[in-house]
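1. Generate a structure from the sequence data that follows.
(chains A and B)
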Amino acid sequence: MLRRLALASLIFLLTATGAYADAHVSPDEAAAIVNYPYVFVDVQTGRDTFLQLSNASDTAVDVFCVYEDTTGTCANAAQSCFENADCPNPGTPQSVCFPGFNLRDFRIGLTAGQPIGWLASAGLTSLPLPGGSVPGVGGQFRGALRCVVIDAAGVPTEANVLEGVATVERFQASPTTQIDVGKYNAIGIQAIAGTGNGDSFLVVGGGVGEYSGCPNVTTFNHFFDGVLDPVVGDGHIHPGLVLLPCTVDYANQVPAQVLVQYLVFNEFEQRLGTSKLFGAQQVGLLSAINQAIYDINVQGTLTGQTRLLPLQSGVLALAFEQNDATAGQGGTFTADFAVQQMGTRQQGDLIVLPPIQ
Amino acid sequence: MTGGDATHFKFLGGRGLRLLLLAVLAAPVAAQNGPSTSRPGSILFFPQLLVDADHETVVRVTNTSNSMRLASCFYVSGDTLQETGFDLVLTKQQPTHWLVSTGRQVDPTDRLCSRVNGECGDAGLDPGLVPAMQPSFRGELVCVQTDESGFPSPGNSLTGEVTVRDTASGDSATYTALAVQGNPDTFISAPVLQLNASDLLPNGDYAACPQTLVLTHLAAGAADPLAGPGSTVQTELTLVSCSQDFANRELTAVTVGFDVTNEFEQKLSASIQFTDWLSASLTDISGVFGVALAGSASLRTQITPLPGGPGVLAVAREVHAVGAAAPVTASAAANLHIQGSRADIGASDVISLPSAF
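-> The predicted structure is shown next:
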């Protein structure tokens, strides 16, 4: 009897492992949770984000979304900020931008196969077909957007049907016309069939997960900071990175705190390392993580590979690069691109939803 | 083995243990369910490279493993369909790069890069001789991970990125190479790669191409959401066949169908035929993508290869233009979403490498 029980348990374990491997965290496939790691609006500098969300299924779905606003507040003035340099007296110890964590949620319905799109600043007063509305985030916003598939009762479901795309833009009409666009796919976290318990605690990975686990190691290839543009020749390239924790507590409005370890390889296979702590979201150039190890004067080769290992929570990442070419229209050109994942975190992550109306 | 382990296995008995070991050994390493931008792979597809008077392309390839890795790469001209092959050797964790127009020379005395020295394009461990594709080139690049004898080796170590630059304006668009994961447990005895694996059929050699690609985009000629009237957005779609015959250059005829859904859930369709590689604006492919016919700005287009034909992979490049006479432009590259696996419907693709002689 015991022998049969043990064998049955192990076969179940193998089967369960197979089911786990079928779900993915990926920007390539429709999923039950989609994460837009970077949404940016600053009307003063002509920046906004065009968000697109599609229902990949043949049936209508309900979707619950949360904007996470990480726009900060200056320590030395009552004003909003994105970086320390945005505050009065930049460079002084008092000029510190404390990151915020404010939430704004909404619920919409998408019909079969329906795509919708909206500017983050303005939202959508009403969807093209009856399905609710999307609030605008206003004229100054930096943060993220996550959307979860739910049923009519507001219970999270296992339907891997959401596809997201974001276009981050900068446009100024005068004194000279300038436009810059970067585009990325939202990162999907697929539900694992047969594991959802319908509560507001969404378990992401960790062996007992209802959703596929976040990556263990994230890796991407990038230029080193300050390299002379190898194509245009008269500007420099500045690589950057956006990180969003996989763990987030919307019910109590508590962001995660994540220490991330970085290993950086140049084209000579030489390795340097660093680490950095962040909270609700990390947005910035690689040189802001550690100026020395990402500097072209230190590394000596055009490109490098960064491998990052998060500790307390998994992370979802998006890479970008800025070219400050002075030719043509001038200004900065930005390109966003997907990063690669290696392995899945052993520890699970948790997304805690608030009560959904 | 601990005493506890011994007792545990004793419950299984001899036959149970053998069954378990058989199950564990036979269980293949699950591959991503199709080509992915989020996992290292054994085959890299770079669908769109562009070199002409106004454009340059930078290719980046990284070995993400802790051992030396080799790859056989093939440029394929989209105009002549002629291939140009070369080999890469990457030490552990080594990133490398080259400009398509200049390639990469083997010279251990290359000068190091700095903020003021741009004559350093080949600094780093030379990955091998990469041919210069001059004076113009538009087409694709495919890299296959190999062993020392040149045979395919499904080690899933390679990642890649491509940046297409506008040499006049400095504008850039970056996308992540589509990585096809191999089954590390498979033994490949001929230079022929079968793309026939999926999550449901994990015993194949390499992940099969998707049943359907999904492009989330703006209607051709629609106004830029931020710039408004007087601006336009056009999307250029590049499609490549998943079946590639680098040994005999037998060309592959491809037919794909387009199913377009607008924000009102209205559907339109179109189709196109091509040989091996196609790069065209949506306007040139069909009028159904045009803003006048499509009926809404945001569209979701499913791209499905004809049954019986080869699978396809794709990238898109979106060009935003402001002004009529001398428009100011910016572009962004986008990877598409994927749906399903061709392996699950009994379809597969084949990549044939040239034999050593």
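
2. what's the spacing between residue A:306 and residue A:243?
-> Applying C-beta to C-beta, to the nearest Å, the value for residue A:306 to residue A:243 is 12 Å. (Glycine included, C-beta is placed from N, CA and C.)

3. Ok, residue B:261 next?
-> Relative to residue A:243, residue B:261 is positioned 33 Å away (C-beta to C-beta).

4. wait, what's in contact with the residue of the stretch 1-150 of chain B at minimum distance from chain A?
-> Going by C-beta to the nearest C-beta, chain A is nearest to residue B:124 of the stretch 1-150 of chain B, at 2.4 Å. Contacts for residue B:124 were tallied using C-beta atoms under 8 Å, 6 or more residues apart in numbering or on different chains; they are A:266-268, A:301-303, B:94, B:96, B:110.

5. cool, and residue B:167?
-> A:231-232, B:53-56.

6. strands paired with the strand or helix carrying residue B:48, and their directions?
-> For residue B:48, the element it lies in under DSSP states H and E is strand B:43-51. Here strand B:43-51 is paired, per DSSP bridges, with strand B:137-146 (antiparallel), strand B:178-180 (antiparallel).

7. Let me see the mean pLDDT of that strand.
-> Strand B:43-51 shows a mean pLDDT of 98.

8. After it, which helix or strand is next? Please name it.
-> As assigned by DSSP H and E, the chain's next helix or strand after strand B:43-51 is strand B:55-63.

9. all strands of the stretch 101-250 of chain B, in order?
-> Applying DSSP state E, counting those that start in this stretch to the stretch 101-250 of chain B gives strands spanning B:137-146, B:158-166, B:172-176, B:178-180, B:192-197, B:206-207, B:210-218, B:222-224, B:228-241, B:244-245.

10. So which elements touch the third one?
-> Based on contacts counted as 3 or more C-beta pairs under 8 Å, 6 or more residues apart in numbering or on different chains; DSSP states H and E, the elements that strand B:172-176 packs against are strand A:315-323, strand A:333-337, strand B:158-166, strand B:328-335.

11. For the helix or strand following the shortest one, name the packing helices and strands.
-> The reference is to strand A:333-337. Next helix or strand after strand A:333-337 toward the C-terminus (DSSP H and E): strand A:340-344. Strand A:340-344 is packed against strand A:25-26, strand A:215-223, with contacts defined by 3+ C-beta pairs under 8 Å, 6+ apart.

12. Using a markdown table, lay out those together with distance to residue B:190 and mean pLDDT.
-> What follows is the helices and strands packed on strand A:340-344, written out as a markdown table (distance: least, C-beta to C-beta, whole Å; pLDDT from 0 to 100):
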| stretch | distance to residue B:190 | mean pLDDT |
| --- | --- | --- |
| strand A:25-26 | 31 | 94 |
| strand A:215-223 | 31 | 96 |
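
13. Point out the most buried one among these.
-> Each of the helices and strands packed on strand A:340-344 was scored by mean neighbour count; the highest is strand A:25-26, a mean of 26, by mean count of other C-beta atoms under 10 Å in any protein chain shown.

14. sorry, back to before: between the helices and strands packed on strand B:172-176, which one is nearest to residue B:140?
-> Smallest distance to residue B:140 across the helices and strands packed on strand B:172-176 (C-beta to C-beta): 10.1 Å, for strand B:158-166.

15. anything in the closest one near chain A?
-> Yes: remark: strand B:158-166 sits within contact range of chain A at B:159-161, B:163, B:165-166, by C-beta under 8 Å from any C-beta of the partner chain.

16. what would the residues you listed look like in TSV with neighbour count and pLDDT?
-> Shown next, in TSV, are these (neighbours: other C-beta atoms under 10 Å in any protein chain shown; pLDDT from 0 to 100):
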residue	neighbour count	pLDDT
B:159	27	97
B:160	26	97
B:161	30	97
B:163	24	95
B:165	27	92
B:166	23	90
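
17. from those, which is closest to residue A:106?
-> residue B:161 (34.4 Å).

18. ok, and the closest non-adjacent residue to the closest one?
-> Among residues not flanking residue B:161 along the chain, residue B:60 sits closest, at 4.6 Å (C-beta to C-beta, 6 or more residues apart in numbering or on different chains).
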